[in-house]
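> could you work out the structure for the sequence below:
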Amino acid sequence: MTESKTMSVRGAALWSMGAQYVAFAVNFISSVLISRFFLGPEEVGLFSIALAAAMLVSILQDFGITRYLAGEAELNDHKIRACFSVSLIVALIVGLVILAMAWPVARFYDDMRLFPLLAVIAGSYCLVPLGIVPTALLQRAMNFRALFVVNVGAALTMAAVALGMAAAGWSAMSLAFATVASQGVRAVLGQWLCGHRMVLKPTLAGIGPILSFGGGMSALYVSGAIGTRTPDLIVGRLIGVAATGLYSRASSLAAQLVTLLTGAVGAVFYPAFARMRDRGEDLAPPYLRVVAGYSATVWPAMIFLAAAALPIVLMLYGEKWAAVAPLLAWIAISEIAFTALPLHMEIPILLGRMRLLLALNILDTIASIGTLMLGALWGLEWAAMSRVAYSLIWLGIYAGLMHRLIGFRWSAMVLIWAKSLALSIAATAPLLLVYAYLAGPETITPLALLASIATGALCWLAALFVVRHPARHELIGLMATAWSTLRPAPAA
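Numbers count the residues shown, from 1 in each chain. Okay, the predicted model is just below:
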C-alpha cells in the first residue's frame, strides 16, 4: 500500500493506460472474431438492444459510490461499510427492475429472444457491488497496478466466455453470459487486492451523506444514460434490429478507440484533481494540459479512422459489415467535439456544481435524442450524421460552464485546438496520399493500410515537436517515468 500512496500521477497513468490497452486488445480481438465467424448484424443488434435497455436502469448501480470514495476528504472504515451496504441495496433494486423490464421490452420489439437476454444481464448486476467498493478504494489510493490486474482479468474472462459460447452456438446469449462471468471475476480480484476486509453485514447507520451524494449522482446518471444508451433503442425501433447491429458496431468501434486513448487516464485525473482542489491549487494549468493530451491523441485518431473507415471495416469484419463504414466515419468525426472539453462531469462534481451540471445534462440529453430521432427518420446514415450536429450542440452547452469553473483563457484553449488539428492533418496525410496516387478506399491492401498507419504515426510525432504542441512535454515525461519504472534497480 505504501507504493500506491506515493505513486505519481504519471506512474498511475502508465499502469492505467497499460490496463486499458490490454483490455482493449482483448475486447477488440474477441469482437472481431465473434463478428467475423460466429454472429451476424441481427444477433449483435439483439444483444445491443437488450444491453441498452438494461443500462438505462443499471447506470444507477454505482450510485456515485466510486466518486464518493475517491473524493471523500475524511474516509474511515464506517463510511466504507456504509458505502458497501448502499451498493448492495441498489444492486438488488436494479436487478429486480431489469428482470421486470424483460417481458415488456420483448413485447415492445416483438422479439421474445430479448426476454432471456435481459434476465441473464439482470443477474450479472447482482455481482457488481462486490467489486465497486474494492476498485474505488484502489482508485482512491492511486494503486493502479492492482487495478491493472482487476481490469485485465475481467476482460480476459469476458472474451474467453463470449468466444467459447459463441463457437458452441449460443448466439447472442454468449455475450450476456460473458458479462456475468466478467463481473464475477472483477469482484473476486477486487476483494483480493484492495487490502480492506469487506464486512458483508449491511448497515443503515451513516448512509445519509452517501444517499444525498448518490441521489444527485443518480440524477446525472439517469439523464446521461437516456442520452447515451438510447441510440440503439431508437435505431432499433425506427429502422430495425439489423440496422441496430450496424450502428452499434460503428459506435462501439469509435468508442473503444476513444476509451483506449483516454479512458485509462480519466480514472487517474479524478482523484488527482480532488487532491489539487483540497490543496487550493489553480486548476487551469493542469486542465489545459489535460485538454492538450486528449486532443493531441484523440483528434488525429478519429480523423484517421474516418478516412480509413471502409478499409478498416472490410479488413476486420468482412463484406457483410461493409455498411458500417459510412456510419463509423460520421461517428468518429463527432468525437472531436466530445473530447474538446474533457472531464466535463468530473470537474463540476468536485467543485460542488452538481445542480447546474444536472440542468445542462438534461439539455444535453434532449439534444442527443432529438437530433438522433430526426436523423433516423431519414435513414441509418442520417442517424449517424446527426451525431456530428449533436456534438457541436454539446460543445456549446458545456463550454461556458468549464470556462467559469476552471478559469482558463480562451486564447490558450483555441491555440491548443489549432495545434491538435495540425497534428490530425499530419497523421492522416499519408493515407490520403495513398488514396490519391496508389489505391482508393475500396482497393487499398491491408499492408498499404498498415504502412499508412505507421507513417501517419511518425508524421504525428514529428508534427508534435514542429508545432510545439504542449502534449510533447507529457509524452517525454511519460517516457521518462516508464523508463524509471521498468529499468532494473541498481545492485546493492
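
> what does residue 282 show for phi and psi?
Main-chain torsions, residue 282, degrees, to the nearest 10: phi -70, psi 120.

> quick check: the closest residue to it other than its chain neighbours vs residue 261, distance?
Using CB to CB, 6 or more residues apart in numbering and skipping the chain neighbours, the partner closest in space to residue 282 is residue 407 (7.6 Å). C-beta coordinates here come from the backbone N, C-alpha and C atoms, glycine included. To residue 261, residue 407 is 26 Å away according to CB to CB, to the nearest Å.

> now swap in residue 424 and tell me
Relative to residue 261, and taking CB to CB, residue 424 is found at 13 Å.

> ok, residue 430 next?
Applying CB to CB to residue 430 and residue 261 gives a distance of 20 Å.

> quick one, strands of the stretch 151-300 of the chain?
Ranges of strands in the stretch 151-300 of the chain, per DSSP state E, counting those that start in this stretch: none exist.

> what are the ranges of the helices in it?
Using DSSP state H, counting those that start in this stretch, the helices found in the stretch 151-300 of the chain span residues 173-193, 208-238, 241-258, 264-278, 284-307.

> ok, residues contacting the third one?
Translated: helix 241-258. Identification of contacts with helix 241-258 by CB atoms under 8 Å, 6 or more residues apart in numbering yields 24, 27-28, 31, 35, 40-46, 48-49, 109, 111, 231-232, 235-236, 298, 301-302, 305, 317, 321, 323-324, 327-328, 331-332, 335, 338-339, 380, 383-384.

> how big is the angle separating that helix from helix 284-307?
Relative orientation of helix 241-258 versus helix 284-307 (axes from the mean of the first three to the mean of the last three CA atoms, to 10 degrees): 140 degrees.

> sorry, back to before: filter the contacts of helix 241-258 to the buried ones?
24, 27-28, 31, 35, 41-46, 48-49, 109, 111, 231-232, 235-236, 298, 301-302, 305, 317, 321, 323-324, 327-328, 331-332, 335, 338-339, 380, 383-384 (16 or more other CB atoms under 10 Å).

> spit out the contact partners of residue 150.
By CB under 8 Å, 6+ apart, the neighbours of residue 150 are 131, 135, 138, 186, 189, 190, 193.

> neighbours around the residue nearest to residue 408 when sequence neighbours are not counted, how many?
Residue nearest to residue 408 in three dimensions, not counting chain neighbours: residue 284, with 4.5 Å by CB to CB, 6+ apart. Using other CB atoms under 10 Å, the number of residues around residue 284 comes to 16.

> give me the distance between residue 410 and residue 293.
When residue 410 is compared with residue 293 (using CB to CB), they lie 19 Å apart.

> and these two? Which one has more around it.
Applying other CB under 10 Å to residue 410 and residue 293 shows that residue 293 carries more neighbours, namely 25 against 9.

> I'd guessed the more buried one sits against residue 471; true?
Yes - the pair residue 293 / residue 471 is scored as a contact, 5.2 Å apart, by CB atoms under 8 Å.

> OK, contacts around residue 159?
Per CB under 8 Å, 6+ apart, neighbours of residue 159: 26, 27, 29, 30, 178.

> dump the residue contacts of the closest residue to the second one other than its chain neighbours.
Using CB to CB, 6+ apart and skipping residues adjacent in sequence, the residue nearest residue 27 is residue 155, 5.8 Å away. Residues near residue 155 by CB under 8 Å, 6+ apart: 22, 23, 26, 27, 182.

> list only those of the residues you listed flagged as buried.
23, 26, 27, 182.

> can you tell me the helix or strand for the spatially closest residue to residue 410 that is not a sequence neighbour?
In this structure, residue 410 finds its nearest non-sequential neighbour in residue 403, 7.0 Å apart by CB to CB, 6+ apart. Per DSSP states H and E: residue 403 is located in helix 380-406.
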